[in-house]
Each structure stands twice: as C-alpha cells, then as structure tokens.
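**Q** got a predicted structure here, sequence first:
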Amino acid sequence: MPERSSRTNGSRIDANQLPEMMQQEVELYLDTLWMEKGLSENSLSSYRRDLLSFSLWLHSEKSSDSLLSATPEWVQGHLAWRLEQGLSARSTARFMSCLRGFYNLQQRENRVSENPIALIENPKLPKGLPKSLSEEDVDHLLAAPDVEDAVGLRDRAMLELLYACGLRVSELVGLSESQVNLRQGVIRVFGKGSKERLVPMGDAAIHWLQRYIDEGRGLLLKGPCDVLFPSNRGQQMTRQTFWHRIKHWAKVACIDKPLSPHTLRHAFATHLLNNGADLRVVQLLLGHSDLSTTQIYTHIAKERMKALHEQHHPRA
C-alpha cells in the first residue's frame, strides 16, 4: 500500500493532521478498493490524495471528525472551494468519482443514511481529442536518441515500444524482462486493475528492443534485476523520470508541441485508425475495459470512412 500522506495544491498533507476516525475511514476504503478492484499503487495514491484533501477541509472548515458526517451542502461548499483554488474541471471530476465511490460503499454498508453526493452532478468536461503527434513528428522523436550510448539505446527502445504498443507510461516503466517474448513478438502487459493483455510489438520495436537487450541493458544494471528498462541507478525508472527523458528527446528533435508519455499512446491510437484499424481492435490494444473510453477517437474513424466513401463511391 502507498505511504499515508499525499500532496494537494503543491503542499504535503500528513494524515496525522486529521482525527483518527477520518484516517481510519480513508484507509478502510482504500483497503477495500485494493482487495476488490486490484487498483494500482498510483490509482490508490490519487484516491488517498482526494480523500485526505476533502477530510482536511471538513475538519478545518466544518469542525468535522468523520467523513460520514458530510452533508450535500458541505460537499457543495468544498466544490466551491476547489473552484476558488483554480483546480481544473478534470481534477474535480476525478475527485467526484472518488467521493461517489466512497459514499456509495458507506451507503451499501449502512454506515450513512443519506448519500451526500447522490444528487450532485459531475462537472462538464470538454470532449476534445487528446493532443497527438503526426507520423512525421513521431519519426523524428524516435530517431532523436543517440543509440551508440547505453542510455540513448534504452530510450530508443522505450520510445519504440511505447509507440508500437500504445502503452501507458506506468505499464512501460514497470515492464520486466519476463513479460517480453521476442520470438513471438508480443509483450504481456498488466494494465489498470491488474488486467492482463497481450500486445504485438511490430518489427521495428522488436529490432530496437533486441539490440538494447544485447548491447545496452547489461551496462545499466547494477546487480540482479528483472526490470526491463532500469534507470541510471540500475533500478526501476519512475514515470516522472521517463517524462523528462521524452521532453529531452523532443527538444533534440525540434518538436515544440506539448508532449508527454501519454501523447505517444494517443498517437498510437490515432495512427492505427487513420490506417484502417477497427475501433474495437484499438480498444483491446489500449486495454480499455469499456468501448466508450475509446470513443474519443470515433471522429477519426468517421473522417476516414468519409474520405474512403468520397474516393471510391461512384456518386460521391
């Protein structure tokens, strides 16, 4: 389980600042999530951060010693406070999802008579497509690392794999050598909720991964370790470290667009659809449990169908 503290608005929240009852309520809920849904440590940390922030506000503003005493008016008051703090609608939507799950469980367990969030709607989120890269941009980014250097060779293999497989950054940095089958050309990925999926790598990713394993990985290891992409210290790389590596190579490649590891995941989905892939296939490759999550890319598929119709139909 993650540490019992978190960050909000740039400052660290210590759970010990809160009444023991609130601490127990948060930890009991997180234990339940971990056991029932198998959420990752990153997801649990996000839930903890949101619940601790709300608990701290309740304790300081309403002199409350328990999350179970919250009323709809108090929740609305906290949402107003979040707005004053300049927190984004997306951040608040995630917070509301966390709070909804918490109080739904309390109501099922008969710990509260009224669900304080039941009639409160989530903030409206823009439905724009996530930022992506052109195929030319991706080519420049992948070619940026110096592959004569062990670190550059590692980064090239990571970028190739990220783009070829549409991985989440947490899935990429968490890969172990045992999850890779170069002979069959697939990797075994454990996504959200520890759901397993097999993802094909493609020839380019296989080539660079094989070269990295043969020529670079051994130089980065400091001892026995199953991590596929160790950091310079020979340990599992953090998501933040890889983010900085991507930003560095984007600068080398003269790409001035906003960029993150997730950008390559979106480029993976976008380029697949542009080249004729079915939306449900993309859903499986991305590891989305629900097709509705993948449907942010629907307009790409529609645009392509329109272009094909205009190109091939005799009366278009």
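**A** Happy to help now that I have it.

**Q** going forward, measure contacts between C-alpha atoms and count neighbours the same way
**A** Noted.

**Q** would you list every one of the helices in the stretch 201-316 of the chain?
**A** 203-215, 217-220, 239-252, 261-274, 279-286, 291-294, 298-312 (DSSP state H, counting those that start in this stretch).

**Q** what comes up buried for the fifth one?
**A** Under the neighbour-count criterion of 16 or more other Cα atoms under 10 Å, helix 279-286 has 279, 282, 283, 284, 285, 286 buried.

**Q** pick the most buried one from the helices of the stretch 201-316 of the chain.
**A** Highest mean neighbour count of the helices of the stretch 201-316 of the chain: helix 261-274, a mean of 21 (counted as mean count of other Cα atoms under 10 Å).

**Q** angle of that one against helix 279-286?
**A** Relative orientation of helix 261-274 versus helix 279-286 (axes from the mean of the first three to the mean of the last three Cα atoms, to 10 degrees): 150 degrees.

**Q** which elements pack onto helix 261-274?
**A** On a contact count with 3 or more Cα pairs under 8 Å, 6 or more residues apart in numbering; DSSP states H and E, helix 261-274 meets helix 135-142, helix 150-165, helix 239-252, helix 279-286, helix 298-312.

**Q** and of the ones you listed, who's closest to residue 56?
**A** Among these, helix 239-252 comes nearest to residue 56, with 27.1 Å by Cα to Cα.

**Q** CA atoms only: put that closest one into PDB for me.
**A** Output of helix 239-252 as PDB, limited to C-alpha atoms (Å, rounded to 0.1, in the frame of the first residue of the first chain):
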ATOM      1  CA  ARG A 239       7.100   7.800 -14.500                       C
ATOM      2  CA  GLN A 240       8.500  11.300 -13.900                       C
ATOM      3  CA  THR A 241      12.000  10.400 -15.000                       C
ATOM      4  CA  PHE A 242      10.700   9.000 -18.300                       C
ATOM      5  CA  TRP A 243       8.600  12.100 -18.800                       C
ATOM      6  CA  HIS A 244      11.800  14.200 -18.500                       C
ATOM      7  CA  ARG A 245      13.500  11.800 -21.000                       C
ATOM      8  CA  ILE A 246      10.800  12.300 -23.500                       C
ATOM      9  CA  LYS A 247      10.900  16.100 -23.100                       C
ATOM     10  CA  HIS A 248      14.600  16.000 -23.600                       C
ATOM     11  CA  TRP A 249      14.400  14.000 -26.900                       C
ATOM     12  CA  ALA A 250      11.500  16.200 -28.100                       C
ATOM     13  CA  LYS A 251      13.800  19.200 -27.700                       C
ATOM     14  CA  VAL A 252      16.600  17.400 -29.600                       C
END
